[in-house]
Structure formats: structure tokens, C-alpha cells
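Asks: can you look at this prediction? I've put the sequence above it.
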Amino acid sequence: MGEYARKYTKGNVDELITLLNKAYADEWIAYYYYEVGAELVKTLDGKITADQLKEMAEDEEEHRKELAGNGDPVTFHVIRHILQEEMEHEEEVETLLGL
């Protein structure tokens, strides 16, 4: 993070960067698990579940890209969007598992 950004950022910048890096890694892992899960259930004749897991994997890939910033700052709105979709994923997985 550059001097200009550090000057206008409140709080512990190093901790923020560490948390954003962790979130990025979490999105990458979630994407991988949903992709693998989708492929596994396809072989078990679980087309609906496979489609849902594939969609979740695509969302996780989108989240990872959003956290990477792509040259833009990661804003509160980006984090809020990701958290909202993560809550939706949790509810979908619970439904799929019959919980």
C-alpha cells in the first residue's frame, strides 16, 4: 500500500492487508471445493446439486477477483456483497444437506 493510501487509512494497515489476503485465499479454496464437489456429484447423477455447486464456485471465483482489486480499491461495498453471497451459499448448502 502506498504512502498516500496509508496516510488516509485509519487503523492497522498491515492487519487489514493480512485479512484481505486471507479472504482472497479463502475464496480460492471455496472455489476449488465447489468445483470439485460439482464434478463429484455429476458422477452420482446429482445434476441439480452439481449445477448449484457450479454456480457457487463461479461466485467464489468472482469474490476472489473482487478481493484482488484488479487495480481498484477493495471497498466496504465489495466486502458487504461478498458476505451477503457467503450467507446465501451457507443457506443453500444447508438446504442441499437437508439441515
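Replies: In hand now; what should we look at? Residues are numbered from 1 along each chain as shown.
Asks: which ones are touching Leu96?
Replies: Going by C-beta atoms under 8 Å, 6 or more residues apart in numbering, Leu96 touches 49, 52. C-beta: built from backbone N, CA, C; applies to glycine.
Asks: C-terminal to the helix or strand hosting Ile17, what's the next element?
Replies: Per DSSP states H and E: Ile17 is located in helix 13-43. Heading C-terminal from helix 13-43, the first helix or strand you meet, by DSSP H and E, is helix 47-68.
Asks: what comes up buried for that following helix?
Replies: Neighbour-count burial for helix 47-68, counted by 16 or more other C-beta atoms under 10 Å, picks out 49-50, 52-54, 56-57, 59-61, 63-64, 66-67.
Asks: what's the angle from that helix to helix 13-43?
Replies: Here helix 47-68 runs at an angle of 160 degrees relative to helix 13-43 (axes from the mean of the first three to the mean of the last three C-alpha atoms, to 10 degrees).
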